[in-house]
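*Asks:* attaching a predicted model along with its sequence, questions to come.
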Amino acid sequence: MIRHIALGLAVGAIALMPVVAKAERIFVSNEKDNTVSVIDGESLEVVETIDVGRRPRAMVLGPDGNELFVAVGDDEAIDMIDLETLEVVRSQSAGEDPEVIRVDSERPYLYVSNEDDNIVSVIDYEQRTLVTEIPVGVEPEGLGISPDGKWLIATSETSSMAHIIDLEAMEAVHHRLVGARPRHVEFTHDGAEAWVSSEIGATVSILDMQDTYDIKHTIRFDVPGVPRETVQAVGVALTSDGRYGFVALGPSNRVAVIDQQTYEVLDYLLTGQRVWHLALNGDESRLYTTNGVSGDVTVIDVDGLEAIRSIPVGRFPWGVVVEP
């Protein structure tokens, strides 16, 4: 009897112990250093630097959250980082000049934009085999996958087009002309729209993904006091509640804040030099930006819509991913 009571007290004590939440980590690819910086989400400091292949750019988390895939363009490969050990555990051939990658949530497939070959490669990363190659326009860059896994959109820089790929048929079925040099694709949380940024056009084209697959609206940017040629739309991040859209505006050193419902530009937030890509954290309270020329990450408070911290990383930070 006494032993049972003691055991019960011990179990109760364990139940009352505080649960220590794992701090989120932010991963930043440094294009010139061939490294990935690891930022602790609590201290907002770099706590680790991972050596990877040459010219790392886009990154994506594996569907189980245990791996980080990194496109290393000059090695024509995808490096795979074990998030437990923070080491590259294997490398997968990925065709010529892999730039942007996305992962399928249902199948062990990686989608890779091969800029020099004008194709999107589909790679089975478990079998380490090439599944197929999907022809697209000249110099494919951005990739975006719909929340339901039905559509993949690839942008071609030279063709200035968005190619809408049916992932069941593995072929491009719609082609839409967008602004000059399209860079990035981001779907809204409900999958009803796809936002396509255009660097030279300094626009974001909103594609209707429910009906016509046409452009339903175009957002244009004009930053007061900033030369027009420096306003270059690149990375896009959208809050899941449908409230804000954020667009990195390159050498203008600004992030545009957009009302997702009205498409009105609400504000321009100052960042580091040549802001390139963006990522929201888990609860969407913070936005992280990579600033290539100043070699840092700007931390933006989403509720206050203000920059609160600058974190030095490596040379020419390009991509950013937040671990849940």
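*Replies:* Great, that's in hand. Numbers count the residues shown, from 1 in each chain.
*Asks:* OK, contacts around residue 99?
*Replies:* 57, 58, 71, 73, 113, 114, 115, 140, 141 (C-beta atoms under 8 Å, 6 or more residues apart in numbering). C-beta coordinates here come from the backbone N, C-alpha and C atoms, glycine included.
*Asks:* wait, the fourth one sits on residue 100?
*Replies:* Yep, that's residue 73 we're talking about. No. In this structure, residue 73 is not within contact of residue 100 by C-beta atoms under 8 Å, at 10.1 Å.
*Asks:* who has more neighbours, the two?
*Replies:* Under the neighbour definition other C-beta atoms under 10 Å, residue 73 and residue 100 were set side by side, and residue 100 has more, 26 against 22.
*Asks:* returning to what we had before: among the contacts of residue 99, which one sits closest to residue 246?
*Replies:* The nearest member of the contacts of residue 99 to residue 246, counting by C-beta to C-beta, is residue 58 at 17.8 Å.
*Asks:* just the CA coordinates of stretch 197-216, formatted as PDB?
*Replies:* What follows is stretch 197-216, C-alpha atoms only, in PDB (Å, rounded to 0.1, in the frame of the first residue of the first chain):
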ATOM      1  CA  SER A 197       6.900  38.300 -57.600                       C
ATOM      2  CA  SER A 198       8.800  39.900 -60.500                       C
ATOM      3  CA  GLU A 199      12.200  41.400 -59.800                       C
ATOM      4  CA  ILE A 200      12.700  43.700 -62.700                       C
ATOM      5  CA  GLY A 201       8.900  44.400 -63.100                       C
ATOM      6  CA  ALA A 202       8.800  45.400 -59.400                       C
ATOM      7  CA  THR A 203       5.300  43.700 -59.200                       C
ATOM      8  CA  VAL A 204       3.500  40.800 -57.600                       C
ATOM      9  CA  SER A 205       1.000  39.100 -59.900                       C
ATOM     10  CA  ILE A 206      -2.000  37.400 -58.000                       C
ATOM     11  CA  LEU A 207      -3.100  34.300 -59.900                       C
ATOM     12  CA  ASP A 208      -6.600  32.900 -59.400                       C
ATOM     13  CA  MET A 209      -6.000  29.200 -58.600                       C
ATOM     14  CA  GLN A 210      -9.700  28.300 -58.200                       C
ATOM     15  CA  ASP A 211     -11.100  29.000 -61.600                       C
ATOM     16  CA  THR A 212      -9.400  30.800 -64.500                       C
ATOM     17  CA  TYR A 213      -5.700  30.500 -63.400                       C
ATOM     18  CA  ASP A 214      -5.400  34.000 -64.800                       C
ATOM     19  CA  ILE A 215      -3.900  37.100 -63.100                       C
ATOM     20  CA  LYS A 216      -6.700  38.700 -61.000                       C
END
